[in-house]
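A.B. asks: coordinates only, sequence not included:
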């Protein structure tokens, strides 16, 4: 199973940008899709973005389209989530995930990183 560790979260003001990183490790050969999910207090976890093995984004949550961009560097076994024009409603714990086992369903998860956007 893939081990994932996120970094880059923090507290920012509305309109700011953040870049999240996710480093993967473990016995896997690295041939898997990766994604970012988030969970706000009192809300269900939702998939934010997914990137294919070849680095092509295959899914964005409607509310982040045009503001967030997912990418990956296979040589570094790292995925990124560039978040621009952040809004208070983007406040959540952001989780990196890997190994799609179904539509928007992943086998491996990181511990998460907190993103807080103040108004």
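C.D. replies: In hand now; what should we look at? The structure displayed is predicted, hence computed values, not measured ones.

A.B. asks: which strand in this protein runs the most residues?
C.D. replies: Identified as the longest strand of the chain according to DSSP state E is strand 92-102.

A.B. asks: quick one: contacts for the closest residue to residue 30 other than its chain neighbours?
C.D. replies: Distances taken as CB to CB, 6 or more residues apart in numbering place residue 77 nearest to residue 30, at 5.8 Å, with adjacent residues excluded. All C-beta spots, glycine's among them, are computed from the backbone N, C-alpha and C. Neighbouring residues of residue 77 by CB atoms under 8 Å, 6 or more residues apart in numbering: 23-25, 30.

A.B. asks: out of those, who's nearest residue 86?
C.D. replies: Closest approach to residue 86 among the contacts of residue 77 (CB to CB): residue 23, at 22.5 Å.

A.B. asks: Need the residues that contact the helix or strand harbouring the closest one.
C.D. replies: Here residue 23, judged by DSSP states H and E, is contained in strand 18-25. Residues from elsewhere that reach strand 18-25, judged by CB under 8 Å, 6+ apart: 2-10, 12, 30, 34, 36, 76-83, 86, 94, 96, 98, 110, 113, 115.

A.B. asks: Where do the strands of this protein begin and end?
C.D. replies: 3-7, 10-13, 18-25, 34-39, 46-51, 57-60, 68-73, 78-83, 92-102, 105-109, 113-118.

A.B. asks: Of the ones you listed, flag the one that's most buried.
C.D. replies: Ranked by mean neighbour count, the strands of the chain are led by strand 34-39 with a mean of 24 (mean count of other CB atoms under 10 Å).

A.B. asks: Fine, thanks again, bye for now.
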